[in-house]
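Colleague: Pasting the sequence and the predicted coordinates here, then a few questions.
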Amino acid sequence: MTTPPPRLASERAELHAALVRMFDHHIAFNQLLGLRTLSTTSGDIRAAFDMRPELVGHFAYGRLHGGVISAVLDALGGLALMAAMADKHPQDAVPQVMQRFVRMGTIDLRVDFLRQGLGQHFVASAEVLRLGSRVGSTQMRLHNDSGLLIATGAAAYVVT
C-alpha cells in the first residue's frame, strides 16, 4: 500500500482558508463567542477571543462563564480533528475535507476548571490524541493573557 503524497503548499493554503472561513464565519456560535482562528496546522491548532461583558459568568468578579470555556474547548477539539482528517486524507480535495465536518459531532466532553477565568484575552489550543475511522479523541487547553492555564478538556467526536 502506497502513501499518498502530502498536500502542495497551495492546497494547504486553500485548506487553511476554508477552515478559517468555516470556523470564524460560518459557525454562528463561534462568532457569538468572538473566536478567531490563529493556526490550523496539525499539531498547532489555536484560536483566541477577547473577554467581553456578555461572556462573564460571575458578575461580582468578572470571570469567564464556565459554559463559554466548555464551548471554546469543544470547538477547538473539533477544529483539531478537521485538520487531522485533512492530513489523513491528503488525496481529498478541500470541498471533500470540508464535507466531513457535517458528519462530526461531540460524543463526550470533559472539562477541568483549574483557575478562575480572569483575563482580557484568552487562547485555546487542541491536539488530536487518536483519529480512528469512526471516533476521534482530543485534548484541549485554555490560557489567559498572562499565560496561566485556566482549563483543560478532553473530548471524543464521531467522525464517520
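Modeller: The structure has been received and is ready for your questions. Residues are numbered from 1 along each chain as shown.
Colleague: alpha carbons only for contacts and neighbour counts from here, please
Modeller: Fine.
Colleague: So which residue is dead centre in the chain?
Modeller: By C-alpha atoms, centre = their mean, the chain has its centre lying nearest to Leu76, at 1.4 Å.
Colleague: so that residue sits in a strand?
Modeller: No - counting by DSSP: H, G, I helix; E, B strand; the rest coil, Leu76 falls outside a strand, being helix.
Colleague: Give me the distance between Ile27 and Asp87.
Modeller: 22 Å (C-alpha to C-alpha, to the nearest Å).
Colleague: Compare the two (neighbour count), which wins?
Modeller: Asp87 (17 against 13; other C-alpha atoms under 10 Å).
Colleague: Next SSE downstream of whatever helix or strand the more buried one lives in?
Modeller: Using DSSP states H and E, Asp87 sits within helix 66-88. Remark: after helix 66-88, the chain's next helix or strand is helix 94-100, criterion DSSP H and E.
Colleague: Direction included, what does whichever helix or strand comes after that next one pair against?
Modeller: Once helix 94-100 ends, the next helix or strand along the chain (criterion: DSSP H and E) is strand 105-113. Paired neighbours of strand 105-113 in the sheet (DSSP bridges): strand 149-158 (antiparallel).
Colleague: hmm, back to that, number of residues surrounding the closest residue to the residue nearest to the centre of the chain other than its chain neighbours?
Modeller: Closest residue to Leu76 apart from its sequence neighbours, by C-alpha to C-alpha, 6 or more residues apart in numbering: Ala126 at 5.8 Å. Per other C-alpha under 10 Å, the neighbour tally for Ala126 reads 28.
Colleague: list the contacts for Ala126?
Modeller: Gly43, Asp44, Ile45, Arg46, Leu73, Leu76, Gly77, Ala80, Thr138, Gln139, Met140, Arg141 (C-alpha atoms under 8 Å, 6 or more residues apart in numbering).
Colleague: pLDDT wise, what is the fourth one at?
Modeller: Predicted confidence (pLDDT) at Arg46: the value is 98.
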